[in-house]
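Chemist: Using only what follows, build the 3D model:
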Amino acid sequence: MKIEISPIENEYAEQVIDLILSIQQKEFNVAITLADQPDLLEIKNFYYKDGGCFWGAFADGELVGTIALIKFDAQAGAIRKMFVKKEFRGKEFGIAQLLLDTLIDSSREKGLNNLYLGTITILAAALRFYEKNGFIRIAKESLPETFPLMSADNVFCNLPLD
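Modeler: Predicted structure coming up:
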């Protein structure tokens, strides 16, 4: 199986929406809809406008994962939309790691020195993954003022890029 990570834009919106909503609603029973995430309909305008990006992970041409970077100030970015289809998770495929490494490398190239993310406690495996990759949990009050908060998020992390 060939895994490829590449930047994607609006032409993949439908596949992105199917992947993300399925994981959020069916797998984790998170009460969130497409209406709560209008960014998914405007990938290019929302993620790329200030120097961010939106990547897709493809397994033999099928979209099986996503990750996005919002550059919210000159030196900091927020990680969003980190999702991998259930059948493609784990070390065997390494897709989550490839996605995160791609985002971190891109962030360094853009001159960012801090990455932040918000998530929810129910996504315990995701939190363990982030912490294994050097992210440190921080209080909501410690987030930069310009961090783009999502209302559902209740756990926050920071990764200094040295």
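Chemist: For the longest helix belonging to the chain, which helices and strands make contact with it?
Modeler: In the chain, assigned by DSSP state H, the helix with the most residues is helix 95-109. Contact here means 3 or more Cβ pairs under 8 Å, 6 or more residues apart in numbering; DSSP states H and E; on that basis helix 95-109 packs against strand 3-7, strand 53-59, strand 62-73, strand 76-84, strand 114-119. (C-beta placed from N, C-alpha, C; glycine too.)
Chemist: Now for Ala59: which residues touch it?
Modeler: Contacts for Ala59 (Cβ atoms under 8 Å, 6 or more residues apart in numbering) come out as Met1, Lys2, Ile3, Phe88, Phe93, Ile95.
Chemist: one more time with 6 Å, if that's ok
Modeler: Residues near Ala59 by Cβ atoms under 6 Å, 6 or more residues apart in numbering: Met1, Ile3.
Chemist: Next one: it from Asp162, what distance?
Modeler: The gap separating Ala59 from Asp162 is 32 Å, by Cβ to Cβ, to the nearest Å.
Chemist: Same question for Pro144.
Modeler: From Pro144 to Asp162 the distance is 18 Å (Cβ to Cβ).
Chemist: neighbour count winner among these two?
Modeler: Each of Pro144 and Asp162 has its neighbours counted (other Cβ atoms under 10 Å); Pro144 has more, 14 against 6.
Chemist: Report the secondary structure state of that one.
Modeler: Three-state call for Pro144 (DSSP: H, G, I helix; E, B strand; the rest coil): coil.
Chemist: Next one, pLDDT for Pro38 please.
Modeler: We have a pLDDT of 93 for Pro38.
Chemist: wait, Asp162
Modeler: The model's pLDDT for Asp162 equals 77.
Chemist: Ser151 too?
Modeler: For Ser151, the pLDDT comes out at 82.
Chemist: Pull the distance from the longest helix of the chain to the chain's centre.
Modeler: Distance of helix 95-109 from its chain centroid, counting by Cα atoms, centre = their mean, to the nearest Å, is 10 Å.
Chemist: from memory Leu117 sits against Ile79, does it?
Modeler: Yes. With contact defined as Cβ atoms under 6 Å, Leu117 counts as touching Ile79 (4.1 Å).
Chemist: circling back: list the buried residues in the longest helix of the chain.
Modeler: Ile95, Ala96, Leu98, Leu99, Leu100, Thr102, Leu103, Ile104, Ser106, Ser107 (16 or more other Cβ atoms under 10 Å).
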